[in-house]
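Novice: Give the three-dimensional model of this entry:
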Amino acid sequence: KISQPDATWVRHRAHRRSQKMLKILRCGVAASRAPVQRTVIRGLAGTAGGKKVAVVFSGCGVFDGTEATEGTAALVHLSRAGASFQVFAPDKEQMHVIDHSQGKENQHPRNVLAESSRIARGNVKPIDVLKAADFDAVIFPGGFGAAKNLSSWAVEGTDCAVDKEVARTITDFHAAKKPIGACCIAPVLLAKVLQGKNITVTVGNKGGDEWPYQGTIDQIESLGATHKATDIQGVCVDSGNKLATAPAFMYEGPFHEIHDSVGKMVDETLKMA
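Specialist: Down below sits the predicted model:
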C-alpha cells in the first residue's frame, strides 16, 4: 500500500513523463513536416577524395529494379573511399511491378526514378541530364531493373534495346576514356552497347547451382565480348576500355560476400578514374 505522500510523488512523476512525451511527439510531427533537404552526398576522407561518380539506378527491388543490397553497397563503398556521387535514373514507368513478398506481378505502375529515390534517400536526377564531362566515372549496380528498365534484355536477350539515355551515357563515358563499373547483370549493357570494342567483362562462372544465371555468359560472348570467369571474390578489370565488373548477386551467396563483391568493383573503378 502506497502512503499519501508517496502517491502524490508518483502522480507528479507520471505527469512529468506525460508532458515530456507530448513534447517529443510534437517535435516529431514538426520534423516530419519539414522540407526534405536534397544535397549532393559527399564521402568521408579517403583514397578517392575529390573524385565525382555518377551512379545509375533502375528502380528499387531485385525483381523489377535495382538490387537494394548492390545499390547501397555501391554508395557505401564510394562514400568510404572519399568520392562524391550523384544518383541518376530514367524518368519513366517500369516495365512492370513485382510484389516481392509473393513474386507476383502488381498491376499498379511505378516510376523508375521515383522508386530509385527510395534507395538514394530522395536525391535522384533524371538520366537525361547526366553528362560525362561532369563526372570522373559511372557505375551501374545490378538487379533485374537493368534488364527490364535500362534495357529489354529480360525479354529479348541479345536482341534487346538499351534505353537511349543509358546507351548514350555508356558511349559518352567510354569515348571520354572514363571508367565504367558494373555488377551482377549490368555488364550485359556494356556488351550490348560497346559491341566491336573488344571489351572484357565478368558475370561470374559456370559453376554449380550457386551460379543460376550461367547462360548469360554465352549470351555475352555471342555479342563479341570476352568473358572472364571469376569466383565471387573476383573482379574483372579491362584496363584498355576502363571497365570494372564483378558478379555480385549473379552468385547465390551470403549478403556480406555480395557487399564485398560490389566493393571490389567500386574500388577498381575508382583506381582508373
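Novice: Where do the helices of the stretch 151-273 of the chain begin and end?
Specialist: Under the criterion DSSP state H, counting those that start in this stretch, helices of the stretch 151-273 of the chain are mapped to 153-156, 164-175, 187-193, 215-222, 255-272.
Novice: packing partners for the first one?
Specialist: Just to be clear, that refers to helix 153-156. helix 145-148, helix 187-193 (3 or more Cβ pairs under 8 Å, 6 or more residues apart in numbering; DSSP states H and E). For glycine as for every other residue, the C-beta is placed from the backbone atoms N, C-alpha and C.
Novice: right, so the ones you listed: which one is the most enclosed?
Specialist: Across the helices and strands packed on helix 153-156, the average number of neighbours (mean count of other Cβ atoms under 10 Å) peaks for helix 145-148, which reaches a mean of 28.
Novice: circling back to that earlier point, would TSV of the helices of the stretch 151-273 of the chain with distance to residue 95 and mean pLDDT be doable?
Specialist: Shown next, in TSV, are the helices of the stretch 151-273 of the chain (distance: least, Cβ to Cβ, whole Å; pLDDT from 0 to 100):
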stretch	distance to residue 95	mean pLDDT
helix 153-156	7	96
helix 164-175	14	98
helix 187-193	15	98
helix 215-222	18	97
helix 255-272	24	98
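Novice: one step back: and of the helices and strands packed on helix 153-156, who's closest to residue 111?
Specialist: With Cβ to Cβ, the closest approach to residue 111 among the helices and strands packed on helix 153-156 belongs to helix 145-148: 12.1 Å.
Novice: Quick one: neighbours of the residue nearest to residue 260 when sequence neighbours are not counted, just the number.
Specialist: Of all residues not flanking residue 260 in the chain, residue 233 sits nearest, at 7.6 Å (Cβ to Cβ, 6 or more residues apart in numbering). Residue 233 has 11 neighbours, counted by other Cβ atoms under 10 Å.
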